[in-house]
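My questions are about this predicted structure, shown below with the sequence.
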Amino acid sequence: MAVLIKNAVILFFLIFISFVCAAQNRDSLKSVTVDSTRAIFDTTLVKDGHLQTAGKALKTTVLGVPGDFVQMGKAVTRDWRVTAACVGGISLLILADKPVTQWYQDHVETTVKYKLPSLPGEGSSRFFYGNDAYLNYAVLGLYGGSLAANYKTGQMAALNSMKALAYSYLISQVTLKSIFARNRPDPTLRDGIPAKRGYTNDPYDFFNFHRIRFNASGNIRGMSFPSMHATAYFAVAKVMAMEFHNYWIPYGAVAFIFFADVDAHQHWVGDMVAGGLLGTVIGQGIVMSSRLFEKRAAEKKRPGENEIKRHKPAFSYQILPAISRSMTGVTLFVSL
């Protein structure tokens, strides 16, 4: 079994690397947006140097932070029907969370049984803790490889993924868990035995208020809703899917990591669904913000109307009489 898992992990990384290499072909040169209403004087595609590419990616990442939250807000308010449907769906799921989570414990957690091998440095810090190390190592590896290959899309995907992880932690772990303060479900809901300390059999056990906890798991009260892991994993998957225009590999990879040692998550199903939706909003907002920032930066570099007028082709013409034995008329001479 251990050999099978190691082979699966190796296969995952090979697919991931192949995916990145294939996607690189479309970003090997600087993209030039051509607007038919404006003049383009220098159409030569020149690849940026390593430092220039890295600088642009970092600039977009840092200066685009305010826009990230603006785009997250727009993602929620753009279509109130979709937002209302999501909120209503989560509310209904919470109402039915006990039988749904009980079924999840009985059929999913007992069926999906595999663990990933420990990685070097695992447990050395919260960033490289447990299966999270696989996701974090992958993001760092993507950024390092993209720096070496001068691959801007890979750099943006990695940097935006780092922001997605940071935002997921701050929004889910630090903020929303403190507001909703829902207790985790008893790991064995079906047995009917009173829950152990810190757990509950009541899916409506919210608002067990506590101080802000930056690092909490297990039976600490009020740390269940929403799932921080689901938020972070879906946020990174959304970023990767939008940056590389492929949904199967990013979502498949994070699902493979997420469901490893699945019974250790200890969440109501509603926690995980809410986290997944929240992560999708976070990931989409980050990518849309970075694209908008780069679009505005490109528009600032376009020539203004006065400059376009100065570069308009100028021509002169002369009209001269023409007289010969065969004809009498005029001759038009045009020169640029």
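Thanks, I have it. These numbers come from a predicted model, not from an experiment.

low-scoring stretches of the stretch 51-200 of the chain, by residue?
121-129 (pLDDT under 70).

again, only using 90
75, 77-82, 109-134, 136-137, 186-199 (pLDDT under 90).

And the strands in the stretch 201-336 of the chain?
316-323, 328-335 (DSSP state E, counting those that start in this stretch).

and the nearest residue to L140 once chain neighbours are set aside, how many neighbours does it have?
By the measure of Cβ to Cβ, 6 or more residues apart in numbering, the closest residue to L140 outside its immediate chain neighbours is A158, 7.4 Å from it. Quick note: C-beta positions are derived from backbone N, CA and C, even for glycine. Here the number of neighbours of A158 (other Cβ atoms under 10 Å) works out to 28.

Return the alpha-carbon coordinates of the helix or strand harbouring F69 using CSV.
Here F69 sits within helix 65-77, counting by DSSP states H and E. Extracted C-alpha coordinates of helix 65-77, given in CSV (Å, rounded to 0.1, in the frame of the first residue of the first chain):
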residue,chain,number,x,y,z
VAL,A,65,-3.9,43.8,-2.9
PRO,A,66,-6.6,46.5,-2.4
GLY,A,67,-8.2,45.5,-5.7
ASP,A,68,-8.3,41.9,-4.5
PHE,A,69,-11.0,42.7,-1.9
VAL,A,70,-12.9,44.9,-4.3
GLN,A,71,-13.1,42.1,-6.8
MET,A,72,-14.1,39.6,-4.1
GLY,A,73,-16.9,42.0,-3.2
LYS,A,74,-18.0,42.3,-6.8
ALA,A,75,-18.0,38.5,-7.1
VAL,A,76,-20.5,38.4,-4.3
THR,A,77,-22.7,41.3,-5.4
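
ok, residues contacting that helix?
By Cβ atoms under 8 Å, 6 or more residues apart in numbering, the residues outside helix 65-77 that reach it are 83, 163, 167, 281-282, 284-286, 288-289, 292-293.

angle of the helix or strand following that helix against helix 65-77?
Following helix 65-77 in sequence order, the next helix or strand is helix 80-95 (DSSP H and E). With axes from the mean of the first three to the mean of the last three Cα atoms, to 10 degrees applied, the angle from helix 80-95 to helix 65-77 works out at 80 degrees.

which secondary structure elements does helix 80-95 contact?
Helices and strands touching helix 80-95, by 3 or more Cβ pairs under 8 Å, 6 or more residues apart in numbering; DSSP states H and E, are helix 269-301.

What residues of the helix it packs on count as buried?
The neighbour-count check on helix 269-301 (16 or more other Cβ atoms under 10 Å) flags 269-291, 293-294 as buried.

ok, now which ones touch the nearest residue to M156 once chain neighbours are set aside?
Counting by Cβ to Cβ, 6+ apart, the nearest residue to M156 once its immediate chain neighbours are dropped is A57, at 5.4 Å. By Cβ under 8 Å, 6+ apart, the residues touching A57 are 152, 155-156, 159.

Would you check how far apart the residue most central in space within the chain and W268 are?
Nearest to the mean C-alpha position of the chain, counting by Cα atoms, centre = their mean, stands V239 at 1.8 Å. Going from V239 to W268 by Cβ to Cβ, to the nearest Å gives 26 Å.
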